[in-house]
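*Asks:* quick check, what structure comes out for this input:
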Amino acid sequence: MPLRILLILRAPVGGLFRHVSDLTHELAARGHQIGIVVDKLHTDGLSAQRLGALSPLAALGIHAFAIPRTAGTGDLTTPFAIRRLADRLRIDVLHGHGAKGGLYARLARIGARHRVALYTPHGGVLNYKPGSPVGSLFRWFERLLMGATDAIIFESAFAHRAYAEQIGVPTCPAPVIHNGLRPDEFVPIVPRPDAADFVFIGEFRDVKGITYLLDALVGLRAPGGRPATLAMAGSGPDFEATRSRIADLRLEGRVQLLGVQPARPTLERGRCEVVPSLAESLPYVILEAAAAGRPVIATDVGGVTEIFGPTAASLVPAADSKALARAMQAYLDRPDVADREAGLRYAHIRDGFSVARMTDGIEALYRQALAARTGRRDFT
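*Replies:* Here you go, the predicted structure:
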């Protein structure tokens, strides 16, 4: 039985949108009717382009409402607008992504006996520091709305544990369903002849650990004494601060700023990916590199150990530029060791992190939740 599904998120950026995009493609291919709700306050050319690419798959349309990042008047009006939209579109499943998407999905479900609300945090509320006013408010809402939540989907076992510790053990079904990659992403990538020694792909902001990466790079030397090089792709609030830090460390000739680029082609720009994050859930950027057979140096945060699997012992502590420098120098000295590890990681994620497997789990949970709420066996 095809389902009518409304996916709710705030901004079409980052790993959250990558997940929503993959889910939309796969669910539409399976015959389900998909609608998407996004924030009309977040508008730029790249977001419009990304949503435009999804438009042919969203048979129930793409709808923009005011969804403020933290708090705003949209929090008082948009959940009711989404509920009216869901009634008009005869929605079966409201699936919220991120803190705001999850909040609005569950508020829009209250009182509607014929539909269910599911929620994937994607870090979301778990990213706010304990004790912060906004974080405390969102955690309060999480506890308050548990009764209106038909299921929570955690993209990593780490996120499941963090939710239980910060908010409480979910009283609804709460499986771990790992993010997945498409079959074409499991094709090896060979670095370009002019590739840098290392490549960073991500947002330019504190939580990504960029300052530790730049500090680690300073003293690194490739065999023969050549200074190690780094290519960096991305943008963000700390882009100019990063540029200044590069100048302060006199790394201008060794660091190349590429701007915003697609992840997979950018992996060709470096021989080893470095992910020095201070916090993560289950980062796509590591999954993509591992699926492409590329060596990865990463910090031991969030669900990264779940991706590294049998190679988790090589993860380095977060916020430790010296440990990061040692790992990067070890790669420069013995790239063959890193290549063997990359092969083990590829084998580990090949079967367990596919987009088909991810969608199988989510689709089954939709049907399970609908059958439990409505009592209709035809949903199963």
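*Asks:* how far off centre is stretch 301-319?
*Replies:* How far stretch 301-319 lies from its chain's middle: 16 Å, per C-alpha atoms, centre = their mean, to the nearest Å.
*Asks:* then that stretch to PDB, C-alphas only?
*Replies:* Taking Å, rounded to 0.1, in the frame of the first residue of the first chain, the C-alpha atoms of stretch 301-319 are listed here in PDB:
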ATOM      1  CA  VAL A 301      33.600  11.600  18.400                       C
ATOM      2  CA  GLY A 302      29.900  10.700  18.000                       C
ATOM      3  CA  GLY A 303      29.200   7.700  15.800                       C
ATOM      4  CA  VAL A 304      32.500   7.900  13.800                       C
ATOM      5  CA  THR A 305      33.600   4.700  15.500                       C
ATOM      6  CA  GLU A 306      30.600   2.900  14.000                       C
ATOM      7  CA  ILE A 307      31.800   3.800  10.500                       C
ATOM      8  CA  PHE A 308      35.500   2.900  11.300                       C
ATOM      9  CA  GLY A 309      34.400  -0.500  12.600                       C
ATOM     10  CA  PRO A 310      37.500  -2.800  12.700                       C
ATOM     11  CA  THR A 311      39.800   0.200  12.200                       C
ATOM     12  CA  ALA A 312      38.400   2.300  15.100                       C
ATOM     13  CA  ALA A 313      41.700   2.000  17.000                       C
ATOM     14  CA  SER A 314      43.300   4.500  14.600                       C
ATOM     15  CA  LEU A 315      40.900   7.300  15.600                       C
ATOM     16  CA  VAL A 316      42.500  10.200  17.400                       C
ATOM     17  CA  PRO A 317      41.300  12.300  20.400                       C
ATOM     18  CA  ALA A 318      39.400  15.500  19.600                       C
ATOM     19  CA  ALA A 319      40.800  18.900  20.300                       C
END
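*Asks:* list the buried residues in it.
*Replies:* Going by neighbour count (16 or more other C-beta atoms under 10 Å), the buried part of stretch 301-319 is 301-308, 311, 314-316, 318. C-betas here are computed from N, CA, C, even on glycine.
*Asks:* and if you look at stretch 182-197?
*Replies:* Buried residues in stretch 182-197, defined by neighbour count with 16+ other C-beta under 10 Å: Glu185, Phe186, Ile189, Pro191, Ala195, Ala196, Asp197.
*Asks:* so which of the buried residues of stretch 301-319 are in helices?
*Replies:* Val304, Thr305, Glu306, Ile307, Phe308 (DSSP state H).
*Asks:* how about those in TSV, adding pLDDT and distance to His178?
*Replies:* Compiled in TSV, those are given as follows (pLDDT from 0 to 100; distance: C-beta to C-beta, whole Å):
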residue	pLDDT	distance to His178
Val304	97	12
Thr305	97	12
Glu306	97	7
Ile307	97	9
Phe308	97	13
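*Asks:* kindly indicate which of the residues you listed lies nearest Leu3.
*Replies:* Among those, Glu306 lies closest to Leu3 (C-beta to C-beta), at 28.6 Å.
*Asks:* what's the neighbour count on the closest residue to that closest one other than its chain neighbours?
*Replies:* Closest residue in space to Glu306, ignoring its immediate chain neighbours: Ser156 at 5.6 Å, by C-beta to C-beta, 6 or more residues apart in numbering. As a burial measure, Ser156 scores 23 neighbours (other C-beta atoms under 10 Å).
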